[in-house]
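Asks: Got a predicted structure here, sequence first:
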Amino acid sequence: MREEELKDLMRQQREWFASGRTLPVRAREAALEILEKAIMDREDELCDALMQDLGKSRTESVMCEISLALGEIRWLKKHLNRLCAKRRVRTPLAQFPASSFQSPSPYGNVLIMSPWNYPVLLTLEPLADALAAGNTAVVKPSAYAPHVSQAVTDLIGDCFPRGHVAVVTGGREENQALLKEKFDKIFFTGSVAVGKVVMKSAAEHLTPVTLELGGKSPCIVDSTAKIRTAARKIVFGKLVNCGQTCVAPDYVLCDTRVHDALISALQKEIRKQYGEESLPREDWGKIVNEKHFDRILALIDPVKTVCGGRWDREALQIEPTVLDNVSWDDPVMQEEIFGPVIPVLTYRDLEEALDTVESRPRPLALYCFTESREVKERVLSRCRFGGGCINDTLIHLATSEMPFGGVGESGMGSYHGEAGFEEFSHLRSIVDQKTWTDIPIRYRPYTEKKEKMIRKFLK
C-alpha cells in the first residue's frame with residue numbers, strides 16, 4: 001500500500017468514527033451479526049485457506065478457530081446491552097447530592113495485528129471485541145499465512161465499508177508503515193521480538209497497546225498425577241497445530257519418581273493419537289515455512305530423542321518428538337519451541353520445580369498435573385503466569401467467560417468476553433452533580449469549623 005493510500009484510509013476511518021455511526025448499541029450488534037453470518041457463509045473458504053497455509057484438517061480448523069470466533073461473537077451479542085450500559089457506583093457522602101457511574105467509551109480507530117499460527121481466530125476474535133466496543137478497525141494479517149490473509153480480506157471487504165473495517169496486507173514494510181501512523185489503540189499478537197517493536201512505535205504516539213506474546217510455558221507433573229491422563233492431554237495440547245500454539249506446554253517438568261512412567265505414557269499416547277505411518281501425512285498439518293522448519297530441526301538432539309525425530313522437508317512435517325534427559329543448557333531450552341517437540345526435564349521436590357519456573361521469564365501459560373490440593377495451592381501461590389489449567393492443557397482460552405492474556409515477558413492486557421470489550425474501551429469515571437443545592441464546605445475562606453467538618457466527612 002502506497003503512503004498516500006494509507007493516509008487516505010486513516011482519514012476515512014477517523015471520519016467514520018467521528019460521524020458517530022459506530023456508537024449506538026444496535027449498530028454494534030448489527031456489525032457483529034454481519035461478521036457472524038459472513039464467517040458461517042465462508043466456512044469452506046476459511047477451512048480451505050487454513051489447509052493451504054498450515055495443513056489444518058477441517059475438524060481442527062472448526063474446533064480451534066472458526067467455532068471459537070463464532071462463540072466470542074455470540075457471547076458479545078448476548079451481553080452487549082449490559083456491557084455498554086452505565087455502571088453505577090457508590091458516591092462518597094462528601095460529594096452529596098451527586099450520583100456516580102462508570103461509562104465505557106470506545107478508543108476510536110484501532111489497529112489489530114494478527115499472527116500466522118491461528119490466523120482466522122486471532123484476527124476475527126479481537127475484531128469482534130473491537131466492533132462490540134464501538135471502534136473502527138484496521139486489520140493487518142500475517143504475510144506468513146497468505147491464503148487466509150486473502151480469505152479474510154475478501155470476507156471483511158464484502159462485509160464492511162473501509163471506513164469502518166479495512167484490511168491491509170503485506171509484510172514487514174506494511175507493518176512499519178502502519179506503526180508510523182497514530183492509532184487510538186494497538187492490539188498485537190505475535191513474537192516477543194516484534195512485540196517490542198510494536199510497543200516502541202506506539203510509545204511515539206503514546207498509544208495504548210495490548211500485547212499477546214508467548215514464552216516457554218511449563219507443564220509440571222507431580223508424583224500424584226494420573227500419568228495416562230496427563231500424557232494424553234500433554235500430547236493434545238503440545239501437538240495440536242503441529243505445536244505452533246502460543247499456549248502449548250513448551251516443556252514438561254516432572255517428578256523423578258514418575259519420570260519413566262511418563263516417558264512411556266507419552267510414547268504410547270503419540271502412537272495412539274498420531275499412528276506409526278511414515279511421513280508425509282495429510283492429516284497432520286505442517287510447519288508454516290522452511291525457515292521455521294529448519295529452526296525446529298536445529299532444536300532436536302538425536303542423542304536425547306526417545307520418540308519421533310524424523311521429518312519430511314517437502315511436506316514441511318516433523319514427527320511428534322520427545323526429548324529426554326534435557327537440561328537448561330540444551331538448544332531446545334533456549335527459546336520458545338513453537339513446534340512438535342516435547343522436552344522432558346525432572347525435579348526432586350516441588351520447591352525445586354517452583355524455583356525453576358519462577359527464576360525464568362513469566363510464561364503465557366502454566367499447566368500442572370496433580371491430585372494433591374496442597375500442590376495446586378503451592379503452584380498457584382508461587383508462580384506468576386498468564387493463565388493455565390490444573391490437570392488439562394489449552395482449554396482455559398476456549399471460553400468467553402474468562403480473560404486471556406500474558407504477564408511480564410508474555411504480554412500485557414487481556415481479552416475474551418467482557419475483558420475483550422473492556423480492552424477496546426476506556427472506562428470513564430463520571431460524577432453527576434445535582435444543582436438543587438451546593439454545600440459550601442469546600443470553598444474559601446477556610447475555617448477551623450470547615451476543617452473539622454471535612455475530617456468528619458472524609459472518615
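Replies: Okay, I see it.

Asks: Below-threshold pLDDT in this structure: ranges please.
Replies: By pLDDT under 70, the chain has no low-scoring segment.

Asks: domain assignment for it?
Replies: 3-213+412-428, 218-405 (automatic domain parsing).

Asks: and of the ones you listed, who's closest to P440?
Replies: With CB to CB as the criterion, P440 lies closest to domain 3-213+412-428 of the domains of the chain, at 12.7 Å. Every C-beta, even on glycine, is put in place using the N, C-alpha and C of the backbone.

Asks: follow-up on the earlier one: now the domains of the chain in TSV, with distance to I454 and mean neighbour count?
Replies: Formatted as TSV, the domains of the chain follow (distance: least, CB to CB, whole Å; neighbours: other CB atoms under 10 Å):
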stretch	distance to I454	mean neighbour count
domain 3-213+412-428	8	19
domain 218-405	39	19
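
Asks: And the ones you listed: which comes nearest W436?
Replies: Nearest of these (CB to CB): domain 3-213+412-428, 7.2 Å.

Asks: my read is G215 is in a helix, agree?
Replies: No. Assessed with DSSP: H, G, I helix; E, B strand; the rest coil, G215 is coil; it does not lie in a helix.

Asks: In this structure it contacts R362, no?
Replies: Yes. Counting by CB atoms under 8 Å, G215 does reach R362; the two are 7.0 Å apart.

Asks: Now the common contact residues for these two.
Replies: Shared contacts of G215 and R362, defined by CB atoms under 8 Å, 6 or more residues apart in numbering, comprise G406, E409, S410.

Asks: now these: which count as buried?
Replies: G406, E409, S410 (16 or more other CB atoms under 10 Å).

Asks: residues contacting the last one?
Replies: Taking CB under 8 Å, 6+ apart as the definition of contact, the neighbours of S410 are L213, G214, G215, P361, R362, P363, L364, F385, G386.

Asks: Tell me the secondary structure at the fifth one.
Replies: Taking three-state DSSP as the rule, one finds R362 in the coil state.

Asks: For it, which non-adjacent residue is closest in space?
Replies: G408 (3.2 Å; CB to CB, 6 or more residues apart in numbering).

Asks: Now the one you found: phi and psi?
Replies: Dihedral pair for G408: phi 60, psi -130, per degrees, to the nearest 10.

Asks: what do you get for N117?
Replies: Dihedral angles (degrees, to the nearest 10) for N117: phi -80, psi -30.

Asks: for I112, what are its contacts?
Replies: Counting by CB under 8 Å, 6+ apart, I112 has contacts T123, P126, L127, A130, A137, V138, V139, K140, F187.

Asks: Double-check the last one against V110; I have them as touching.
Replies: In this case it means F187. Yes. In this structure, F187 is within contact of V110 by CB under 8 Å, at 6.5 Å.

Asks: Mind listing the shared neighbours of those two?
Replies: With CB under 8 Å, 6+ apart, F187 and V110 have common neighbours A130, F424.

Asks: quick one, helices of the stretch 301-450 of the chain?
Replies: 350-358, 373-382, 417-423, 448-457 (DSSP state H, counting those that start in this stretch).

Asks: what's the first-to-last distance across stretch 316-334?
Replies: 23 Å (CA to CA, to the nearest Å).

Asks: hmm, I was thinking of stretch 200-219
Replies: With CA to CA, one end of stretch 200-219 sits 32 Å from the other.

Asks: ranges for the helices of the stretch 151-300 of the chain?
Replies: Taking DSSP H, counting those that start in this stretch as the criterion, the stretch 151-300 of the chain carries its helices at 172-180, 192-205, 227-239, 259-274, 290-297.

Asks: And the ones you listed: which comes nearest I342?
Replies: helix 227-239 (5.5 Å).

Asks: Need the residues that contact the closest one.
Replies: So helix 227-239 is contacted by 219, 221, 245, 248-249, 252, 258, 261-262, 265-266, 268-270, 273-274, 320, 340, 342, 367, 369, 391-394 (CB under 8 Å, 6+ apart).

Asks: Residues in contact with stretch 279-295: which ones?
Replies: Against stretch 279-295 from outside (CB under 8 Å, 6+ apart): 53-57, 60, 116-117, 144-145, 241-242, 244, 274-275, 296, 310-319, 338-339.

Asks: now swap in stretch 26-44 and tell me
Replies: 21-22, 46, 62, 66, 69-70, 73-74, 76-77, 80, 84, 124, 127-128, 131-134, 151, 154-155, 158-160, 164.

Asks: what about it, distance to the chain center?
Replies: 21 Å (CA atoms, centre = their mean, to the nearest Å).

Asks: for stretch 397-406, same thing?
Replies: Distance, centroid of stretch 397-406 to centroid of chain: 8 Å (CA atoms, centre = their mean).

Asks: Also stretch 135-150?
Replies: With CA atoms, centre = their mean, you get 16 Å for stretch 135-150.

Asks: what do you get for stretch 444-459?
Replies: 50 Å.

Asks: Just flag the most distant two among the contacts of I112.
Replies: Going by CB to CB, the pair spanning the contacts of I112 furthest: A130 and K140, at 13.0 Å.

Asks: center of this structure - which residue?
Replies: E212 (4.9 Å; CA atoms, centre = their mean).

Asks: With adjacent residues omitted, what lies nearest to that residue?
Replies: Nearest to E212 is T189, by CB to CB, 6+ apart, at 4.2 Å.

Asks: is it true that that neighbour touches W116?
Replies: No. Checked against CB under 8 Å, the pair T189 and W116 is beyond contact range at 10.1 Å.
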